[in-house]
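**Q** 3D model of this:
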Amino acid sequence: MKQGEGNKVDPAQWLADYDETLARAAANARTASANLEQVGGSATSPRGEVAVRVGPSGALEDLTLASAARSLEVDQLAQLILATARQAQRAVGEQVVAIMTDYVGDGPALDFVKQHLPPAAGGAGRSPADDRDDNDYFSNPPEIIR
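**A** Coordinates of the predicted model:
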């Protein structure tokens, strides 16, 4: 706005400012996209039977089973693979949140990303079996995995 013109806006200046804003937004989007493409996560089970690597979307890219995995029951191994993959996916999600925070700041978009993170290790949530009454729980105890 030029001095002495009151509230008049110079259309050419407004358009130039708007073009600059759009160019900045496009550059930020390209940078964020490039950063998100570099995201990845790895995790190893506590005793090393399972190691996984996931890509930017959280999709499993690599799975390594150590010889110790042979000593596990099939169901135990399946649960260990899933838990280890969730741990790697959580790491990816945390990287995504860090990148998104830089570009969108706190707000609804970031809240949406945070809501869809896999649960933290040990925080897989309560199973429906946890909500049973005591009589049912002791009549049908959960399987204990060692």
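**Q** Could you name the helices and strands sitting against the longest helix along the chain?
**A** Ranked by residue count, the top helix of the chain under DSSP state H comes out as helix 74-104. On a contact count with 3 or more Cβ pairs under 8 Å, 6 or more residues apart in numbering; DSSP states H and E, helix 74-104 meets helix 11-37, strand 41-44, strand 50-54, strand 60-65, helix 108-115. Just so you know, the C-beta spots here come from the backbone N, C-alpha and C atoms, and that holds for glycine as well.
**Q** how near is the most centrally placed residue in the chain to R86?
**A** The centroid of the chain falls nearest to G93 when counting by Cα atoms, centre = their mean (1.7 Å). With distances taken as Cβ to Cβ, to the nearest Å, G93 is found 10 Å from R86.
**Q** Between these two, which contacts overlap?
**A** Common contacts of G93 and R86 (Cβ atoms under 8 Å, 6 or more residues apart in numbering): P118.
**Q** quick one on the thing from earlier: now the residue nearest to the centre of the chain, nearest residue through space, not along the chain?
**A** Distance criterion Cβ to Cβ, 6 or more residues apart in numbering; nearest residue to G93, sequence neighbours excluded, is L117 at 3.9 Å.
**Q** who's in contact with the residue nearest to the centre of the chain?
**A** Counted by Cβ under 8 Å, 6+ apart, G93 has contacts G58, V113, H116, L117, P118.
**Q** Need phi/psi at the last one.
**A** Think P118. phi -60, psi 150 (degrees, to the nearest 10).
**Q** what residues are up against it?
**A** P118 neighbours (Cβ under 8 Å, 6+ apart): G58, R86, Q87, Q89, R90, G93.
**Q** Could you point out which of these is nearest to R24?
**A** Nearest to R24 among these, counting by Cβ to Cβ, is G93 at 27.0 Å.
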